[in-house]
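**Q** next come a sequence and a model predicted from it.
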Amino acid sequence: MNIVGRNVIIEFAQRHPNARSSLDRWYNLMRQETFDSFADLRRIFPHADQVKVGKRRFNSPLQDKIWTVFNIGGNNFRLIASIQYNPKDQRVTVNKILTHAEYDKGRWKE
């Protein structure tokens with residue numbers, strides 16, 4: 001898969017060095033794999049969840065905007081990404097990486 005947002009990963013790892021190896025592992029797995037669906041992704045990342053964060057216009061009408069949340073570093077961090085499973089353009093966009101405490105506040109959905 002093509003990964004957009006490597007800079008988000010690097011910046012977070014600089015602030016939280018204990019997350020670096022887990023983020024590198026996630027990044028390398030995502031780059032090596034292709035996924036046809038969320039169910040397919042869960043074969044490699046069984047604890048990933050999908051979260052509805054609002055609506056978006058996609059060639060009309062409005063559709064749910066869904067992000068995928070990955071547990072990173074033994075559940076200490078959350079990587080939040082949007083994923084396109086389109087076979088011609090498989091792309092993961094890293095939207096945010098948060099500590100567990102930041103994630104629990106829920107402000108990331110805004």
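**A** In hand now; what should we look at?

**Q** okay, buried residues for the longest helix that the chain contains please.
**A** Longest helix of the chain, by residue count under DSSP state H: helix 20-32. Within helix 20-32, the residues scored as buried using 16 or more other Cβ atoms under 10 Å are 22, 23, 26, 27, 30. For every residue, glycine as well, the C-beta is placed using N, CA and C.

**Q** run the chain-centre distance for that helix.
**A** 11 Å (Cα atoms, centre = their mean, to the nearest Å).

**Q** contacts for stretch 15-26, please.
**A** The contact list for stretch 15-26 (Cβ atoms under 8 Å, 6 or more residues apart in numbering) reads 9, 12, 13, 70, 72, 73, 74, 76, 77, 79, 97, 99.

**Q** need the max-distance pair from these.
**A** 9 and 74 (17.2 Å; Cβ to Cβ).

**Q** neighbour count winner among those two?
**A** residue 9 (20 against 9; other Cβ atoms under 10 Å).

**Q** how close does the closest residue to the more buried one other than its chain neighbours get to residue 92?
**A** Distances taken as Cβ to Cβ, 6 or more residues apart in numbering place residue 23 nearest to residue 9, at 5.1 Å, with adjacent residues excluded. Plainly put, residue 23 is 13 Å away from residue 92 if you go by Cβ to Cβ, to the nearest Å.

**Q** list the contacts of the closest residue to residue 100 other than its chain neighbours.
**A** Leaving aside its chain neighbours, residue 100 sits nearest to residue 76 (5.7 Å; criterion: Cβ to Cβ, 6+ apart). For residue 76, the contacting residues are 18, 19, 99, 100, by Cβ under 8 Å, 6+ apart.
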